[in-house]
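Visitor: Coordinates for the following, if possible.
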Amino acid sequence: MRSPRARLAQQTACWVILGLVMAGVVVLAPPGGEFPVDDDWIYAQTVQQLLTEGRYQRSVWIDSAFLAQAWWGAALSWLFGFSHTTLRAGTLVLAALALVAYVGLLRTALRPWLALALALLLLLHPLFVHLAASFMTDVPFLAIMLLALWCGQIGLGSRRPDGASADRLTAETARVQLGRPDDRGLSLGWLALASGLIGLACLVRQVGMVLGPAVLLAALPELCAAWPGLRATPRGRTCLLAALSVPFLLVVTLLTYADPRDVTVEVRLLDGLRTADLPGLLWTELRASGAALMLLGWSVGPATPLLLANPSLLGWRRWQWNAAACSLLLVWLALGVQLDAAGTLTPLFGNTLNAAGLTVSGLHPRAVTADALGQTLLAILGVLGAVGLTTGLVSALGATPGGRSPASSPLASGARTARGWQLQAVAQTPLAIRLLGLASLGILLLTLGYGPLAGPVNGLYDRYLLPVLPGLLACVGYAVRERRAAVPLLLVGALCFGGWSLSWQREYLQRQAAVWQVADSPVAQGIPPTDIDGGYEWNGWYRGPAAIENARLAALASSDSRSFVQRVVDSIYRTSPWYVGFDLRRPACPGTPAVQAHYGDGDWPIYGLRRCAGPGGPPVRAPSGPPVRAPSGTTATR
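Guide: Residues are numbered from 1 along each chain as shown. The predicted model follows:
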C-alpha cells in the first residue's frame, strides 16, 4: 500500500502531464484565425447582436438554447474585443475545465494513471480536439455537465477511504459504506451548486434536462443512507429537496428569455413525429443507432482487446448469455440498417469527422483523405468495439464486489437471484462511475430520440455524441481496471488519436485561413462578399442571416417546417459569380485565377479564385491588374 506522500506525488505527476498535453495540443494546432469554424458564424452573430442591441434572440438556425454561452461570449468580447479567435479561446478555457472535472471524478474511482489515460483519450479524441477550437455548444455543454457531476459527487460525500484504493475495496468495506454516509455526510451547498450547474447546462443545450434525473438515480444509495439522519435534523429533508431543485428551477426559468419562434428544432421535431409512419420512424432510429454504435465502438477501440478477452465470460450464467444474445442481435440489426442506408460501415459518417477531413464545408482538397484501407480498418474496429461494449456491460451486471463469484460472495447470502446480484453490482459501483455512466446514457437516448428527426438533413450528427464519451470511457475503464495492460493500451490509443486529430486539425485551420485570405482579396477590390462561394463558413458568415429569414418565411408559407433546413442549405450554397476552388490543373470555369495561395507543406492543392458566369448572367469582370499571389505558408489570416 502506498504512503500518502507517494500517492500525492503520483497524483501531482498526473496533473502535470495532463497540463503539458493540453498545452501541446494548443501549440501544435494553434486555434487563431479570423474565420468561423463550422456553425460558428451563427453563434458569433448572435453574440454580436447581444453586444450591440443588448438583447438575446435565439436564431431559428440554432437548435440549442445557447443562452448561457452567448453571455459567456459577450463577456469575453467586452473584455478582449470581439473576434473569432477570442470566442474560440473562451471555448479552450472551458475545455480545460472539463478535463479537470473529469479527472477529479475519475480519481475517486480509479487509479491515478488509469484516470489520466482515460482523460488523455478524451482530450485527444478527434471530436474533442476539433470542437474545443470552435465556438459551438458541444464543449461548453460538456464542461458544465462534468463540473455539475463533480460538484454532485463532492456534495454526496464520496471519497476514497484513507489508505485504500477505490477499485480494490473489499465487499465488507463497501457494505459498511452503503450502510451509513461518509464522515463528511451530505453537503447541501455543493448539491445546490450542482443543481444550478445542471440548470446552466440546460441554457447551453436542452439535452441537459436528463442530468437531473440521472444524478438522482445514480445517488440513490447515498441519499437513502443519509435520509434517516436527515429526519433527525430540523427541516433536514426540506433543505435537501430545496438544494436539489430550487437552483435548477431558477436557472432554467431564464430559458423564457430566449425567443424560439416558429420553425425551430422543437417545432420541426413535433412535425416530424406527426408525419412519420411507425416503420419509417423505426428505420430512422435504427440507422442512427447503427451510426452511433460505430463511432462509440471505435472510440473505445484501445480497450476492445481487454473487453473481448474477458476471463469472466467462462463463468457467465444462463441469463447473461441470453442478455448478451439479445443485445448483440439488436447491435447487428442496427449495423445492418446503417450499412443498407449508407452503403458502408464507418465511424466517419458525420458533419465533423469525414473521410476527406474535418468539418464538411464544401471545400475539401482531400489532402488528408482516409483511404479505403483506413476506412475499412476503422469500420472493423468500430464493429469489434460495439461487440466489446455489449459483452462488457453484461459482465459488469453479473459482477460482484471483490471479484468473487456470486456463490462465494458474502453479499450474495440475501440475494441469490440474478436480479439481486445485478442490484448489488450496481450499488457497489463507485459514485463517479454511476454519475458519468447514467448521465451519458440519458444523453445518448435523448440524442437518438430527437437528433435524426429534428434538424440534420443527413441523419445523426457525430458531434452530438461528444457528451456521451466521458461516461462511456469511464465505464470501460472501470470494467478493465484490474487488467495490467489497461493503462498501456489506453495510452497507446491516446497517442494514435492525437496523431490523427492534430494532423487533421492543423490541415483544417490552415485550409480555412487560406480560403479566407483568397476570398478577401476581391472583396478589397469591390466584389461583394455575398457574390463569392467560399465554402460553408464563408457563405454562412455573409449570406446566413438573409438565407435564414428567407427560408423561414418560405417554410411558413408552405406549412412545411421541416423544409426549413434544406432551404437554408440550398440558399447558402447557391451558384455564385465567384468561388474558391482547388486544383488549377482542371479548372471548372475558364479564365485566369485572380488570386492564388497554398498552405501546409506546399504539396497540398492550390486555392484559386476564378471568374465564373453568374446565375443567368454574363461572366463577372475580374479586378484590373495582374493576379495577386497570396503569401505562402500557414500564417495566412484574414
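
Visitor: which element is the spatially closest residue to residue 107 that is not a sequence neighbour on?
Guide: Taking Cβ to Cβ, 6 or more residues apart in numbering, and ignoring the residues beside it in sequence, residue 107 has residue 115 as its nearest neighbour in space, at 4.9 Å. The way it works is simple: take the backbone N, C-alpha and C, and place the C-beta from them, glycine included. With the criterion set as DSSP states H and E, the secondary-structure element containing residue 115 is helix 112-123.

Visitor: try residue 346
Guide: According to DSSP H and E, residue 346 maps onto no helix or strand at all.

Visitor: List the contacts of it.
Guide: 294, 355, 375, 378, 379, 382 (Cβ atoms under 8 Å, 6 or more residues apart in numbering).

Visitor: Quick check: the fifth one vs residue 338, distance?
Guide: Using Cβ to Cβ, to the nearest Å, one gets 11 Å for the distance from residue 379 to residue 338.

Visitor: got any residues that touch both of these two?
Guide: Taking Cβ under 8 Å, 6+ apart as the contact rule, the neighbours common to residue 379 and residue 338 are 294, 345.

Visitor: residues in contact with the closest residue to residue 119 other than its chain neighbours?
Guide: In space, not counting the residues next to it along the chain, residue 119 is nearest to residue 103; the distance is 5.0 Å by Cβ to Cβ, 6+ apart. Shown here is residue 103, whose contacts under the criterion Cβ under 8 Å, 6+ apart are 14, 15, 18, 115, 116, 119.

Visitor: Need the contact partners of the helix holding residue 115.
Guide: The list of residues contacting helix 112-123 from outside it, by Cβ under 8 Å, 6+ apart, reads 7, 10-11, 14, 17-18, 21-22, 25, 99, 102-103, 106-107, 109-110, 128-129, 299, 302, 469-470, 473-474, 477, 481, 486-487, 490-491, 493-494, 497.

Visitor: 6 Å - rerun?
Guide: Helix 112-123 is contacted from outside by 10-11, 14, 18, 99, 102-103, 106-107, 128, 469, 473, 477, 487, 490-491, 494, using Cβ atoms under 6 Å, 6 or more residues apart in numbering.

Visitor: And for stretch 128-143?
Guide: For stretch 128-143, using Cβ under 6 Å, 6+ apart, the contacting residues are 31, 37, 39-40, 43, 64, 66, 69, 87-88, 91-92, 94-95, 97-98, 122, 201, 204-205, 358, 463, 466-467, 501, 505.

Visitor: Could you pull out the helices in the stretch 1-150 of the chain for me?
Guide: 4-28, 40-53, 67-80, 84-106, 112-123, 126-132, 138-155 (DSSP state H, counting those that start in this stretch).

Visitor: could you give the angle of the last one to helix 67-80?
Guide: Pointing back at helix 138-155 there. Between helix 138-155 and helix 67-80, the angle formed by their directions is 110 degrees, by axes from the mean of the first three to the mean of the last three Cα atoms, to 10 degrees.

Visitor: residues contacting the residue nearest the centre of the chain?
Guide: The geometric centre of the chain, computed from its C-alpha atoms, lies nearest to residue 466 (Cα atoms, centre = their mean), at 1.8 Å. Contacts were defined as Cβ under 6 Å, 6+ apart; by that measure residue 466 touches 127, 138.

Visitor: low-scoring pLDDT stretches of the stretch 301-450 of the chain, where are they?
Guide: The model of the stretch 301-450 of the chain has pLDDT under 70 over residues 360, 362, 365-367, 397-427.

Visitor: 50 instead?
Guide: By pLDDT under 50, the low-scoring segments of the stretch 301-450 of the chain are 401-416, 418.

Visitor: can you check the chain too?
Guide: Across the chain, residues meeting the criterion (pLDDT under 50) sit at 160-184, 401-416, 418, 455, 457, 614-638.

Visitor: still on that earlier bit, could you pick out the buried ones from the contacts of residue 103?
Guide: Using 16 or more other Cβ atoms under 10 Å as the burial test, these include 14, 18, 115, 116, 119 as buried.

Visitor: Turn those residues into a markdown table, columns for distance to residue 599.
Guide: Rendered in a markdown table, the data for the buried ones among the contacts of residue 103 read as follows (distance: Cβ to Cβ, whole Å):
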| residue | distance to residue 599 |
| --- | --- |
| 14 | 37 |
| 18 | 31 |
| 115 | 38 |
| 116 | 34 |
| 119 | 32 |
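
Visitor: from the residues you listed, which two are the most distant?
Guide: Based on Cβ to Cβ, the longest span within the buried ones among the contacts of residue 103 runs between 18 and 115 and measures 9.5 Å.

Visitor: So what's the residue count around residue 23?
Guide: Residue 23: 11 surrounding residues under other Cβ atoms under 10 Å.

Visitor: any idea how far it is from residue 17?
Guide: For residue 23 relative to residue 17 (Cβ to Cβ), the value is 11 Å.

Visitor: cool, and residue 511?
Guide: The span separating residue 511 from residue 17 equals 31 Å under the rule Cβ to Cβ.

Visitor: More neighbours: which of those two?
Guide: For residue 511 and residue 17, the more surrounded residue by other Cβ under 10 Å is residue 511, and the numbers stand at 27 against 14.

Visitor: what's the helix or strand for that one?
Guide: Per DSSP H and E, residue 511 falls inside helix 486-524.

Visitor: buried sites along that helix?
Guide: By neighbour count with 16+ other Cβ under 10 Å, helix 486-524 contains the buried residues 486-487, 489-491, 493-494, 497-498, 500-502, 504-523.

Visitor: Give me the helices and strands touching it, please.
Guide: If contacts are counted by 3 or more Cβ pairs under 6 Å, 6 or more residues apart in numbering; DSSP states H and E, helix 486-524 sits against helix 112-123, helix 126-132, strand 357-358, strand 578-582, strand 595-597, strand 607-611.

Visitor: Need the three-state assignment for residue 195.
Guide: What DSSP: H, G, I helix; E, B strand; the rest coil gives for residue 195 is helix.

Visitor: Distance-wise, check it relative to residue 94.
Guide: Distance check for residue 195 against residue 94: by Cβ to Cβ, it reads 20 Å.

Visitor: Those two - which one has more neighbours?
Guide: The residue with more neighbours, out of residue 195 and residue 94, is residue 195; 27 against 19, by other Cβ under 10 Å.

Visitor: Hmm, residue 246 and the more buried one touching each other?
Guide: No. Contact criterion Cβ atoms under 6 Å: residue 195 and residue 246 do not qualify, at 7.3 Å.

Visitor: Residue 392 is in contact with residue 307, isn't it?
Guide: Yes. With contacts counted by Cβ under 6 Å, residue 392 reaches residue 307, the gap being 4.4 Å.

Visitor: Need the contact partners of stretch 442-453.
Guide: For stretch 442-453, the external contacting residues (Cβ under 6 Å, 6+ apart) are 207, 210, 214, 269, 272, 284, 288-289, 459-460, 464, 467-468.

Visitor: and it, C-alpha only, in PDB?
Guide: C-alpha atoms of stretch 442-453 as PDB (Å, rounded to 0.1, in the frame of the first residue of the first chain):
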ATOM      1  CA  GLY A 442     -29.500   9.600 -20.700                       C
ATOM      2  CA  ILE A 443     -27.900  12.000 -23.200                       C
ATOM      3  CA  LEU A 444     -27.400   9.100 -25.700                       C
ATOM      4  CA  LEU A 445     -31.000   8.000 -25.500                       C
ATOM      5  CA  LEU A 446     -32.400  11.600 -25.900                       C
ATOM      6  CA  THR A 447     -30.000  12.300 -28.700                       C
ATOM      7  CA  LEU A 448     -31.000   9.200 -30.600                       C
ATOM      8  CA  GLY A 449     -34.600  10.200 -30.000                       C
ATOM      9  CA  TYR A 450     -34.500  13.700 -31.400                       C
ATOM     10  CA  GLY A 451     -31.300  14.000 -33.400                       C
ATOM     11  CA  PRO A 452     -32.300  12.100 -36.500                       C
ATOM     12  CA  LEU A 453     -35.800  13.700 -36.700                       C
END
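
Visitor: now it, how far from the chain's geometric center?
Guide: For stretch 442-453, the separation from the chain centroid amounts to 13 Å (computed by Cα atoms, centre = their mean, to the nearest Å).

Visitor: what do you get for stretch 549-567?
Guide: Computed by Cα atoms, centre = their mean, the chain-centroid distance of stretch 549-567 equals 29 Å.
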